[in-house]
Each structure stands twice: as structure tokens, then as C-alpha cells.
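Peer 1: one predicted model, sequence on top.
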Amino acid sequence: MGMREAVADRIVTLCYERNISFNALARSAAVPPSTLKNILSGASANPGIVTIKMLCDGLDISIVEFFSTPEFDALEQEIK
């Protein structure tokens, strides 16, 4: 799994855990729904950190919480 897929999977998981739709997340994060759709579908090759931070704000979590998962830990090992 690459970074793009890990980011998309994390967003899906967080929305599922919070029982919110992707459109509701886009609204609360002030991110265009098309941008979120592109991240989730893989059309956005490299979602920017500003966008991820906005999504984190919409989810009421920190960036550290967003990236604190075994999937991202495994990616960190692959990059080294």
C-alpha cells in the first residue's frame, strides 16, 4: 500500500468510525467535495498537507492522530 492509498483508507475509516458521510466531512472541513472525491478515488496523486490538515480539523483530530496508524508506520519503514 502506498501513501495515496493509506491516506484514502484512513479518511474512509475515520468517516466510518464517526458515522459521517464524505459530503458531511467536506462541508465541515471546508474542502470542496470534488477534492475529497479525488483523494478517495486516487485521482489526486498527492493530496497536500494543507488539505489533509483541513480534513483533520473537520474530523476534530490532529495531524499526528491522522498519521498514527500501523499502515503509516509501515510506510515510514519502507521510505527509509
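Peer 2: Good, I have the coordinates. Residues are numbered from 1 along each chain as shown.

Peer 1: show me where pLDDT drops low in the chain?
Peer 2: Residue ranges of the chain with pLDDT under 70: 1, 76-80.

Peer 1: going along the chain, name the helices of it.
Peer 2: For the chain, applying DSSP state H gives helices covering 3-18, 22-29, 33-41, 49-59, 63-67, 70-79.

Peer 1: save these as a markdown table, and put in mean neighbour count too.
Peer 2: All C-beta spots, glycine's among them, are computed from the backbone N, C-alpha and C. Below are those laid out as a markdown table (neighbours: other C-beta atoms under 10 Å):
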| stretch | mean neighbour count |
| --- | --- |
| helix 3-18 | 15 |
| helix 22-29 | 16 |
| helix 33-41 | 16 |
| helix 49-59 | 17 |
| helix 63-67 | 14 |
| helix 70-79 | 10 |
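
Peer 1: contacts only, for the residue nearest to residue 63 when sequence neighbours are not counted.
Peer 2: Closest residue in space to residue 63, ignoring its immediate chain neighbours: residue 56 at 5.4 Å, by C-beta to C-beta, 6 or more residues apart in numbering. When contacts are counted by C-beta atoms under 8 Å, 6 or more residues apart in numbering, residue 56 touches 62-63, 65-66.

Peer 1: how much space between residue 5 and residue 32?
Peer 2: Residue 5 sits 21 Å away from residue 32, going by C-beta to C-beta, to the nearest Å.

Peer 1: cool, thanks, signing off.
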